[in-house]
Every structure is written in C-alpha cells, then in structure tokens.
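A.B. asks: no FASTA, just this:
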C-alpha cells in the first residue's frame, strides 16, 4: 500500500475578505512526481507557502510526512527541501558557504555535510565553482545550486516552484534528468509547479489543476485529457481554465493584505 | 547554538568582504570629530567646560556603533528582497534564533567599527582617563552595539522595502543620537530636553562609555548598565514577537 506523503484537507486561506485558497483537498502518494498547475495568480505559491510552514492556513489541515504542518513545523521542515520561485541564495557567500549555512541550519554534523556537499555539487556540475561567489553565477547555475541545497538534508519531499523558469532547453533538460534520477533512485517525492505543459507530460505522473482558489481537476495526465476530451495537456489546461489572460499578481498576498488593513 | 553561530558568522563574512563600506562608515565619525571636536572646542573651553574633544570622543564612538548596528540590522530588508530570509524561515529553527543571530552579528560588526573609531580619536588628541577602565568602556560599547542592533533588526523586520529607510534615519537614528548627550552635557538642560534625554536609552550607553573613558558621568554605572540591559532584553523580546509573525 502506498502512503500519502502529503495530505491536504479542506485547506483555506483568506487575506482579509479575499479567499485566495478555497477549501482544497488533495493527496500526493509517496514517491510520486506531482505537478501542481494553474494559471498566473491561481495561488499555487500561496498553497506551497502553507505546505512549507511559511504561511498559516485560515482553516483546514495539512500533513506532510505524517507531521501536522501547523503543530509540528520543525519536524515538517526537516522532511522537505524547497526551491523557491525566486532565488533565495546569499550572493555575497560562495557556493560552498551557502551549502554549509544550510547544513548547519538543519543541524547536520560537519563530518556528514562536508562529504554530502562535495557529492551534491558534483551531481549538479558545480564542483569547480564551489569557492566562487554566488553573485558571479548565471541563472541556471543558481538554480542548480538551489536544488543541491534543497537536497542536502535528505528530504522526503522536494518542492520546486517553477524550477525551470527562464532557463534554456539545455539547462532545463539537465535539471529534469537530475530530478527524475533522484526521484527514481532516492525515492524523493517531487512536488512542482510549472507553466510548461510538455514538461508535465514528460515527467509528472499525477497532477492537480487549481484555479480561482479551487482544485478544478486532478488525476493522471491521461485521465485529465480524457476528462476534457482533448489529446494534449496544454489543450486540456486551456479548456478547463478558460482563455482569459490572467493578471500577474506579484507579491499578491502582501499587497492584498495591506489593501484590507 | 550552532544555528546562532552560523548566522553570526554570515554577518561577519559579509562585513569583512565589503571593505569599501567598512572604510565609508569611518567617514562620518571623522567629520564629526573634526567639525564638532575642533570647531566647538574654543567655545566649550570659554564656557569653562574643559576640553571638548575629550567630551565628544565617547559620543562619536557610540555614534559609530549606533549607525553601524542599525544599518546592519536593516540589511534584513535586503535578505527579504533577495530571498535569503525565506531560506532561514523554512529551516527547522526558531525565529528567536534568527533574531539573536542577526543581532549578535550586527553588534559584533558595530563593536569592531567602534574600536576603530576609538583608535582614530587617539590620533586627534583624545586621551582615556585610565587604562584600567578600558574594559568597562568596552563593556559599554558592547551594550550599546547590542541595543542598537536589536533596535535595527526589530524595526526592519516588518518592512518590505528600502522606501522606509529615510524614515528610519530621520526618526530613529538621528533622534537617538542627537538627543542622547553625545554632543552636549546632560547637566543643566531645559526641562523638556532633560525628559527626552532620560527617555532615550542611548543616553545611558553614552554616559557609561564616557564615564569609563573620561571619569566623568551623569548617571551611576549601575543605572547605565541596568537601563541598557533592560531595554535590550525588552527590544529582543518585541523583535522575536514581530519575527514570529512575519509571513513571506
């Protein structure tokens, strides 16, 4: 029997009067590659923030690796690694120092992390740049370093919020091969968001589509295409979420919160 | 403890790599020493209050600590904008550890700058009253740095961008400095200024530092010490509370 590594029950988040995430429920079985899709401003990131203890839900429950996220934030935090949509590295530190910082924050012993950092930097192809400042890195290199960092503490779940945004096909391919490998060999559950539907068809086994704060479809790529009566996921996505172009809401939660104060 | 240590170390590394800002931060104290120290010295002497350089040097050392710690504390806004704060917020550590690591890091940087300015004051003619009291002076420098660093971090914690920075300079740093007895003696002030300086925690820091360096102080060491420690703990508590409420 497969265990659900993520269980979301009736999750709601309001910002003032505005309901950003409206009573959503879904589960992710352990070992899956799960794509969380939705148009811009559908509050994918808000949901991820709640799953990763950065934002408190207004109502509902989340279990991650059997830990109640709200009640046991630190146990939860040890169970996942995350690559945020925006960079979160310290540019004034070297690649190695960024990794070391992470290792110490997660309580790894020195003997353990020195070997692990070397191994991970090797894996993402940054060994020769370990003592270079992150500010000298390209976007793709920063991404790779962030992925390596997210894996340092052997997480059970890896969250990737638009991991391939702004990257060229070569780097995208490289990163995905690596993620796939990791999923297969170390059985890390991968939870990712993206706007590249072909990436989803290629790598995800199950998906959920969120729009206007509601889950409007979930299942395998095939079942969702069948549900929409189309061949390609891109068409299914547009059919399910409509043709209207959404406003990109940057830092949405905060500005909304301010407006309601 | 490891956590607090690594966050502290990060601040020190960032500081030691920014030579330009290290030297830049010495500019203002030097201008103050020259302009106020030498410029007002004849009037101060005529008023029968003694050597003004001797009086103002501790104030300028404290000023350096004040500016440096608050600027370092405010770096948390950059951490927010460049995303690094998220990395610390998803780590399995408490928010008070982040607060403490930042405060200690900023304070250490400020202490280093304060000591550098102390050495500069020696060049322009400042002479400490007694070498035996230097450790007490260092203690007060540490307390001032801790207080200001905690204030800087606490003020910056709820802010999202640098637009509020002029507000911090004009409504926090400037009043704390100018209304603290750094540049004028606390004795014989008009009543309203007397009240304001008594309400300013930095007054006690500067008075303690001046007492240890020149042998002349307005309050007792015990008063200075207790006020500094008390207010710092209070600010740390408030800061931790604000930190635990930040959602990013």
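C.D. replies: Sure thing, it's come through. Being a predicted model, the structure only gives us computed values, none of them experimental.
A.B. asks: Give me the residue ranges of chain A where confidence is low.
C.D. replies: A:1, A:247-261 (pLDDT under 70).
A.B. asks: who's in contact with the helix or strand that contains residue A:46?
C.D. replies: Per DSSP states H and E: residue A:46 is located in helix A:44-51. Helix A:44-51 is contacted from outside by A:6, A:8, A:11, A:13, A:20-21, A:24, A:36-38, A:55-57, A:62, A:64, A:69, A:80, A:82, A:85, A:159, A:161, A:191, A:193, A:210, A:252-253, B:247-248, using C-beta atoms under 8 Å, 6 or more residues apart in numbering or on different chains. Every C-beta, even on glycine, is put in place using the N, C-alpha and C of the backbone.
A.B. asks: Could you turn the buried ones of the residues you listed into a PyMOL selection?
C.D. replies: PyMOL command restricting the contacts of helix A:44-51 to the buried ones, with burial defined by 16 or more other C-beta atoms under 10 Å in any protein chain shown:
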select buried, (chain A and resi 6+8+11+13+20+21+24+36+37+38+55+57+62+64+69+80+82+159+161+191+193+210+252+253) or (chain B and resi 248)
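A.B. asks: Can you list which of the contacts of helix A:44-51 are found in strands?
C.D. replies: If you go by DSSP state E, these have A:6, A:8, A:11, A:13, A:20-21, A:24, A:36-37, A:62, A:64, A:80, A:82, A:159, A:161, A:191, A:193, A:210 in strands.
A.B. asks: Run through the residues you listed and flag the ones next to chain B.
C.D. replies: A:80, A:82 (C-beta under 8 Å from any C-beta of the partner chain).
A.B. asks: now the helices for chain B?
C.D. replies: Using DSSP state H, the helices of chain B run over B:2-16, B:19-32, B:39, B:41-46, B:52-81, B:84-89, B:95-123, B:134-156, B:165-168, B:174-178, B:191-199, B:201-214, B:221-245.
A.B. asks: Near chain A, which residues of chain B? Just list them.
C.D. replies: B:2-3, B:5-6, B:10, B:13-14, B:17-18, B:82-84, B:86-93, B:160, B:247-248.
A.B. asks: which one of the helices of chain B is the most hemmed in?
C.D. replies: helix B:201-214 (a mean of 27; mean count of other C-beta atoms under 10 Å in any protein chain shown).
A.B. asks: packing partners for that helix?
C.D. replies: If you count contacts as 3 or more C-beta pairs under 8 Å, 6 or more residues apart in numbering or on different chains; DSSP states H and E, helix B:201-214 packs onto helix B:52-81, helix B:134-156, helix B:221-245.
A.B. asks: nearest residue to residue B:134 other than its sequence neighbours?
C.D. replies: Nearest residue to residue B:134, sequence neighbours excluded (C-beta to C-beta, 6 or more residues apart in numbering or on different chains): residue B:128, at 6.4 Å.
A.B. asks: Burial check on that neighbour, number of neighbours?
C.D. replies: 19 (other C-beta atoms under 10 Å in any protein chain shown).
A.B. asks: In contact with residue B:228: list those residues for me.
C.D. replies: Residues near residue B:228 by C-beta under 8 Å, 6+ apart: B:140, B:143, B:144, B:147, B:201, B:204, B:205, B:208.
A.B. asks: any idea how far chain A is from it?
C.D. replies: According to C-beta to the nearest C-beta, to the nearest Å, residue B:228 and chain A sit 30 Å apart.
A.B. asks: which residue packs closest to that residue, ignoring adjacent ones?
C.D. replies: Closest to residue B:228 by C-beta to C-beta, 6+ apart is residue B:143, at 4.2 Å.
A.B. asks: Run a quick check on that neighbour versus residue B:208, I expect a contact.
C.D. replies: Yes: applying C-beta atoms under 8 Å, one finds residue B:143 in contact with residue B:208, separated by 7.3 Å.
A.B. asks: Need the overlap of contacts for these two.
C.D. replies: Residues touching both residue B:143 and residue B:208 (C-beta under 8 Å, 6+ apart): B:225, B:228.
A.B. asks: Spell out the secondary structure type for residue A:135.
C.D. replies: helix (DSSP: H, G, I helix; E, B strand; the rest coil).
A.B. asks: burial measure for it, as a count.
C.D. replies: Burial of residue A:135 is recorded as 12 neighbouring residues (other C-beta under 10 Å).
A.B. asks: One more: the one 4 residues further on?
C.D. replies: Residue crowding around residue A:139 was assessed by other C-beta under 10 Å; the count is 13.
A.B. asks: was I right about it contacting residue A:167?
C.D. replies: Yes: between residue A:139 and residue A:167 there is a contact under C-beta under 8 Å: 6.5 Å.
A.B. asks: related to what we said a few turns ago, report the separation between the residue nearest to residue B:228 and residue B:203.
C.D. replies: 13 Å (C-beta to C-beta, to the nearest Å).
A.B. asks: next one: residue B:93
C.D. replies: For residue B:93, the distance to residue B:203 (C-beta to C-beta) stands at 35 Å.
A.B. asks: next one: residue B:137
C.D. replies: Counting by C-beta to C-beta - residue B:137 and residue B:203 are separated by 16 Å.
A.B. asks: centroid residue for chain B?
C.D. replies: residue B:66 (2.4 Å; C-alpha atoms, centre = their mean).
A.B. asks: Help me confirm that it comes into contact with residue B:148.
C.D. replies: Yes: between residue B:66 and residue B:148 there is a contact under C-beta under 8 Å: 4.8 Å.
A.B. asks: Cool, thanks, signing off.
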